[in-house]
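S.K.: Pasting the sequence and the predicted model now:
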Amino acid sequence: MKYVVILEKGDNSYGAYAPDLPGCVAVGETQSEALRLIQEAIGFHLEGLREEGKLFPQPKSRSRYVEVLAA
């Protein structure tokens with residue numbers, strides 16, 4: 001399964017979250033670390049759902065860039 005992951009640069013770190021998996025977040029000092037940690041967090045999240053006998057949320061989010069003209 002593939003889930004959209006949003007990366008956000010903070011003052012001193014990077015945050016990452018998966019919109020289709022509420023509460024599934026990670027923070028790393030670098031973009032690479034944040035991506036690695038969110039991948040692990042998603043794995044743990046899905047493992048927990050499996051153990052509880054719950055279905056995995058189907059990926060629904062999509063990501064696109066849009067270009068706007070600056071005024």
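M.R.: Nice, I can see it. Numbering: from 1, shown residues only.

S.K.: Tell me if I'm right that residue 15 and residue 24 touch.
M.R.: No - in this structure, residue 15 is not within contact of residue 24 by CB atoms under 8 Å, at 11.9 Å. For every residue, glycine as well, the C-beta is placed using N, CA and C.

S.K.: Of the two, which one has the most company?
M.R.: residue 24 (20 against 15; other CB atoms under 10 Å).

S.K.: The more buried one contacts residue 41, doesn't it?
M.R.: Yes - using CB under 8 Å, residue 24 is in contact with residue 41, at 5.2 Å.

S.K.: Please enumerate the shared neighbours of these two.
M.R.: residue 18 (CB atoms under 8 Å, 6 or more residues apart in numbering).

S.K.: For this protein, just list every one of the strands.
M.R.: For the chain, strands defined by DSSP state E occupy the ranges 6-9, 14-17, 25-28.

S.K.: Quick one: distance of the second one to the chain centre.
M.R.: Relative to the chain's own centre, strand 14-17 is displaced by 7 Å; criterion: CA atoms, centre = their mean, to the nearest Å.

S.K.: same check, this time on the first one
M.R.: On the basis of CA atoms, centre = their mean, strand 6-9 is displaced by 9 Å from the centre of the chain it belongs to.

S.K.: contact partners of that strand?
M.R.: Residues contacting strand 6-9 (CB under 8 Å, 6+ apart): 14-19, 31, 34-35, 63.

S.K.: Name the strands paired with it and say parallel or antiparallel.
M.R.: Using DSSP bridges, the strands paired with strand 6-9 are strand 14-17 (antiparallel).
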